[in-house]
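>>> Okay, here's the prediction I keep looking at, along with the sequence it came from:
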Amino acid sequence: LPPSDRNEVFSCFVFYAVLLVIKMYTIAIITGQVRLRKKAFANPEDALRHGGLQFHREDPYVERCRRAHLNDLENILPFLFLGAVYSLTGPSLTVARLHFLVFFLARVLHSLAYLLALQAPTRSLAYTAAQVPCVSMAVQILMSVASFA
């Protein structure tokens, strides 16, 4: 869109949303690579293809990667909805950017804490930090539409 027709807040949101989706794909790829390296396959047909049914098993690090990916799905998908709707409520670009940046950085830290097994409470603090902008956006969205309920 030409600059005069562009919603700057929405464009900022899209930037961070795409980075988060790329991060999610990266975690999925890491999980697959760890499965191959550890020879720990979730499905018997995959195990047979890579050496035999003895590799149809779980591995603690593969499971750690899977949990990191599932946690992303549980947290990033709601952010994508909240951020998109929040962008339409007319927030200040500076405030919106802060919401999106805090969420993004906290989720990156959360993934690193999960994958690298960083000392507690790193992961919990990152999770909590990411929830703050989401709660803030949800409250602001509700306040902007409450009169229509």
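Looks like it came in fine.

>>> What is the subsequent helix or strand relative to the longest helix seen in the chain?
The single longest helix within the chain, with elements called by DSSP state H, is helix 8-38. Next helix or strand after helix 8-38 toward the C-terminus (DSSP states H and E): helix 44-49.

>>> For that next one, buried residues please.
Using 16 or more other CB atoms under 10 Å as the test for burial, helix 44-49 gives A47. Placement of C-beta: from N, CA and C, glycine included.

>>> if we look at that helix, which residues are touching it?
35, 41, 53-57 (CB atoms under 8 Å, 6 or more residues apart in numbering).

>>> Q119 - that's part of a strand, no?
No - per DSSP: H, G, I helix; E, B strand; the rest coil, Q119 lies outside any strand segment and is coil.

>>> That one: neighbouring residues, count only.
8 (other CB atoms under 10 Å).

>>> Now list the buried members of the contacts of helix 44-49.
35, 41, 55-56.

>>> can you list the residues you listed in a markdown table and add pLDDT and distance to P133?
A markdown table is the format used below for the buried ones among the contacts of helix 44-49 (pLDDT from 0 to 100; distance: CB to CB, whole Å):
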| residue | pLDDT | distance to P133 |
| --- | --- | --- |
| R35 | 94 | 33 |
| F41 | 91 | 38 |
| F55 | 83 | 42 |
| H56 | 86 | 41 |
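
>>> Closest one to T94 out of those residues, please.
Nearest to T94, judged by CB to CB, of those is R35 at 42.6 Å.

>>> For the spatially closest residue to that closest one that is not a sequence neighbour, give me its contacts.
Once flanking residues are discounted, R35 sits nearest to V62: 5.4 Å by CB to CB, 6 or more residues apart in numbering. Residues near V62 by CB under 8 Å, 6+ apart: 31, 34-35, 38, 40.

>>> after the lowest-mean-pLDDT helix or strand in the chain, next one along is what?
The helix or strand of the chain with the poorest confidence is helix 44-49; it has a mean of 88 (mean pLDDT, DSSP states H and E). Going down the chain from helix 44-49, the next helix or strand is helix 60-87, by DSSP H and E.

>>> No further questions, thank you.
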